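Engineer: Okay, here's the prediction I keep looking at, along with the sequence it came from:
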Amino acid sequence: MTSYAAFEEAAASAVEALGAGPLRVLADRIGAGWPDHAALGSVAVAGFADAARAVLAGQRAAKLTGAEAAAYLRGLAAGHTRQASAVRVESVWSGPSTHAVPVRATAPVLVDLIGEATGELLLMTYSAKPYPPVLAALTAAVGRGVSVTVVVETLAGAGSALGGAEPAAAFATVPGVQLWHWPVARRADDHAKMHAKIAVADRRLLLVSSANLTASGIDRNIEAGLLVRGGSAPRRAAEHIAELTAGAVLARLRPGG
C-alpha cells in the first residue's frame, strides 16, 4: 500500500466511523496547524482520537501539507453527507395487487435484495417455511461467497403460537447458512418473542416487513413493508444484529437444534 493510499484508507475509515461532522472538525484543526495532542482531543466522540491519530499518521506518511490534507478531508465529508442523504424508500406489499395503485411485491423485492448482496446478508424471521425462490437465491448467494446469517424464532420460544417443524428447518437445503436464535433462558420475559422480519444486504439495502419467510407471508397474506436503499438505516440494522450476537443475546443454532 502506498503512503497516499494509507492516508485515503484512514480518512475513509474515519468518516465511516465518525460521520461527516467530526471529520470536518478534524480537517479544520489540521488546516489550522493544531498540534497532534490538541487535534486528537477536539471532539468528544468515542473513537475520535484513534481515527484522528490514523489520519494524522497517514498525512505524515504521504507528506501532505495541512492545507492539502484538510481539503481532502472536507471533500470526503461533503461526499459522505451527499451519499447519506441519497436515501430511496419504497413501499412493498404481499397479497392482492391493484391496477390503480401499482406497488412492488414482497417476493421479487426479497429475491432481488438477496441477489444484490456481494459480501453480507442478514435475515430475521419469526416463522419460516421452505419457499423455493428464496432458497434458490440464498443458495446462489452462498455460492458467490456471501456470508449469510439467518435469525429465527424457535418452537420453544414461540410457545403454542408456532407448530410443525422448527423454523430453522426451512433453510436446511442451503449449505453454509449461519443460523441464530434468541434462547428462551436469555429473555427477560417468558412471553417475549423473536418477532422481527427484516433483510439487510451489504449494509446498504434494508427490507423491513410484516411478512414472515413463508409462502403465506411473502405471497398470499396482505403484508406491508418498506425497502430502504442507502442512508444509515441498513447499516444501523446490521450493526444492531452484530451487537446482539457479540453480546451473547443471540446464540448459534446447532444443525437440527
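Structural biologist: Everything's here; your move.

Engineer: Show me the shaky parts of the stretch 1-150 of the chain.
Structural biologist: 1, 84-85 (pLDDT under 70).

Engineer: Kindly recompute the last result at 90.
Structural biologist: The stretch 1-150 of the chain contains residues with pLDDT under 90 at 1-6, 15-22, 42-47, 79-88, 96-104.

Engineer: Show me the helices in it, by range?
Structural biologist: Remark: helices assigned in the stretch 1-150 of the chain by DSSP state H, counting those that start in this stretch are 3-18, 20-31, 36-40, 48-62, 66-85, 106-116, 132-143.

Engineer: which residues sit in contact with A237?
Structural biologist: Each residue near A237 by Cβ atoms under 8 Å, 6 or more residues apart in numbering is listed here: L122, I198, V200, L206, V208. Where you see a C-beta, it was placed from the backbone N, CA and C, and this is true even at glycine.

Engineer: just those now: which is nearest L227?
Structural biologist: L206 (7.3 Å; Cβ to Cβ).

Engineer: The closest one sits in which helix or strand?
Structural biologist: L206 is part of strand 205-209, with elements assigned from DSSP states H and E.

Engineer: Could you name the helices and strands sitting against that strand?
Structural biologist: Other elements packing on strand 205-209 under the criterion 3 or more Cβ pairs under 8 Å, 6 or more residues apart in numbering; DSSP states H and E are strand 88-94, helix 106-116, strand 198-201, strand 223-229, helix 233-246.

Engineer: quick one, which of these is nearest to V15?
Structural biologist: Per Cβ to Cβ, nearest to V15 of the helices and strands packed on strand 205-209: helix 233-246, 12.7 Å.

Engineer: what's the following helix or strand after the closest one?
Structural biologist: Taking DSSP H and E, what comes next after helix 233-246 is strand 251-252.

Engineer: Identify all contacting residues around that next one.
Structural biologist: Identification of contacts with strand 251-252 by Cβ under 8 Å, 6+ apart yields Q178, L179, W180, H181, W182, P183, R186.

Engineer: hmm, 10 Å instead?
Structural biologist: T149, Q178, L179, W180, H181, W182, P183, A185, R186, T245 (Cβ atoms under 10 Å, 6 or more residues apart in numbering).

Engineer: any idea of the mean pLDDT in that strand?
Structural biologist: Averaging pLDDT along strand 251-252 yields 95.

Engineer: Listing partners with orientation, what would you give for that strand?
Structural biologist: As defined by DSSP bridges, the strand partners of strand 251-252 come to strand 178-181 (antiparallel).

Engineer: hey, C-alpha coordinates of the strand it pairs with in CSV?
Structural biologist: Output in CSV follows, covering the C-alpha atoms of strand 178-181 (Å, rounded to 0.1, in the frame of the first residue of the first chain):
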residue,chain,number,x,y,z
GLN,A,178,-25.3,-19.5,9.8
LEU,A,179,-28.5,-19.9,11.9
TRP,A,180,-29.0,-18.0,15.2
HIS,A,181,-31.8,-17.7,17.7
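
Engineer: Buried residues in that strand, which are they?
Structural biologist: Residues of strand 178-181 classed as buried by neighbour count (16 or more other Cβ atoms under 10 Å): L179, W180, H181.

Engineer: buried ones in stretch 33-45?
Structural biologist: W34, A39, L40, S42, V43.
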